[in-house]
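# requesting a structural model of the entry that follows:
(one chain, ligands or ions: 1)
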Amino acid sequence: MVLFSLGGRLALCASMVRPQAALADVGTDHAYLPVWLAKRGAISRAVAVDIRPGPLERARRNIERYGVGDIVTARLSDGLDAVLPEEADDIVVAGMGGLLMADIVHRTAWLRDEKKRLILQPMTHGEDLRRRLLGDGFFVLREQAVLDERHVYTVMLCAYGLRERGADELFPYVGGLSPDTRENRMYLRRELGCLRNRANGLRLRGETGRAEELFRVGERIRAMLRDGSGKG
Ligand SMILES: C[S@@+](CC[C@H](N)C(=O)[O-])C[C@H]1O[C@@H](n2cnc3c(N)ncnc32)[C@H](O)[C@@H]1O
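Reported below is the predicted structural model:
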């Protein structure tokens, strides 16, 4: 069976998985990510989990179709509740809302281990997710944006342990992104537009203190874009 290609979004997640890692893919649905990595000999084993039986059935079919049942196991689980700490070094959570991801990370105590890596691709609420990760003691090692079917997504590689970087007021909005790729600049420009809209709304409602704060963050993002390398 010829191996399928991963779209840009999942390919970026896959690129952050360490060679020969034991992987957990949370909210696996079709299990494309673990199947693709297993087929390429890039991981030692994987547990592909989903909260719903329907997606899990899709995962099982793909695991069988591509003959990777010795490496990838499909399992019903709410977040990482049915996954043991020794089963995963690298944990991917992709294609879900950032608030749900933050809940999954928060309630899984065994993720608070400096050796584990989290690879998170939120569809929404990136700002809240970064804040909550920081509050739970995680930091962003690397973050990169990617364009996939005309949407720009961000993927963050995180680990447990405190770092100074997160203390900056810019962190919840830009995370680990720097304006050094076209996709990163696209993400940052979108973030800047959202911030300005929110700040204008707050100003109209008379919440001037918070509005000024957001305008200031927006100015800093604008400066990053202006002074950053390359052109978008
Ligand atoms: C949109 S799909 C994402 C599939 C794949 N990860 C991707 O990024 O292409 C989201 C999947 O997450 C699953 N899901 C939602 N909440 C979950 C939870 N609490 N624990 C595990 N899986 C969950 C859904 O059933 C669904 O299959």
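
# who touches stretch 65-85?
For stretch 65-85, contacts defined as Cβ atoms under 8 Å, 6 or more residues apart in numbering pick out 1, 3, 24, 26, 28, 31, 34-35, 38-39, 43-51, 53, 56, 59-60, 63, 88, 91, 103-104, 107-108, 110-111, 113. C-beta: built from backbone N, CA, C; applies to glycine.

# looking at these, which are in helices?
If you go by DSSP state H, the contacts of stretch 65-85 have 34-35, 38-39, 53, 56, 59-60, 63, 103-104, 107 in helices.

# any idea which helix or strand comes after the longest helix belonging to the chain?
Counting by DSSP H, the longest helix found in the chain is helix 182-204. Next along the chain after helix 182-204, taking DSSP states H and E as the criterion, comes helix 208-227.

# please parse this structure into its domains.
8-163, 182-227 (automatic domain parsing).

# out of those domains, flag the one nearest the ligand.
Using Cβ to the nearest ligand atom as the measure, domain 8-163 is the one of the domains of the chain that comes nearest the ligand, at 2.6 Å.

# could you find the closest non-adjacent residue to L170?
R220 (5.6 Å; Cβ to Cβ, 6 or more residues apart in numbering).

# tell me how many other residues surround the nearest residue to R107 once chain neighbours are set aside.
Leaving aside its sequence neighbours, R107 sits nearest to G79 (Cβ to Cβ, 6+ apart; 6.8 Å). Per other Cβ atoms under 10 Å, the neighbour tally for G79 reads 22.

# now G79, what's its secondary structure?
Secondary structure for G79, judged by DSSP: H, G, I helix; E, B strand; the rest coil, is coil.

# list the buried residues of stretch 124-138.
125-134, 138 (16 or more other Cβ atoms under 10 Å).

# ok, now which ones touch the spatially closest residue to L56 that is not a sequence neighbour?
Nearest-residue entry for L56: D50, 4.7 Å, with adjacent residues in sequence omitted and distances by Cβ to Cβ, 6+ apart. Neighbouring residues of D50 by Cβ under 8 Å, 6+ apart: 27-29, 56, 59, 74, 76-77.

# ok, so of those residues, who is nearest A159?
Lowest distance from A159 to the contacts of D50 (Cβ to Cβ) belongs to G27, with 20.4 Å.

# circling back: filter the contacts of stretch 65-85 by proximity to the ligand?
With Cβ under 6 Å from any ligand atom as the criterion, those include 26, 28, 49-51 near the ligand.

# which pLDDT does the model give E127?
For E127, the model assigns a pLDDT of 97.

# equivalent analysis for S229, please.
48.

# secondary structure added to the buried residues of stretch 124-138, as CSV?
Supplementary listing: those in CSV, determined by three-state DSSP:
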residue, secondary structure
H125, coil
G126, helix
E127, helix
D128, helix
L129, helix
R130, helix
R131, helix
R132, helix
L133, helix
L134, helix
F138, strand
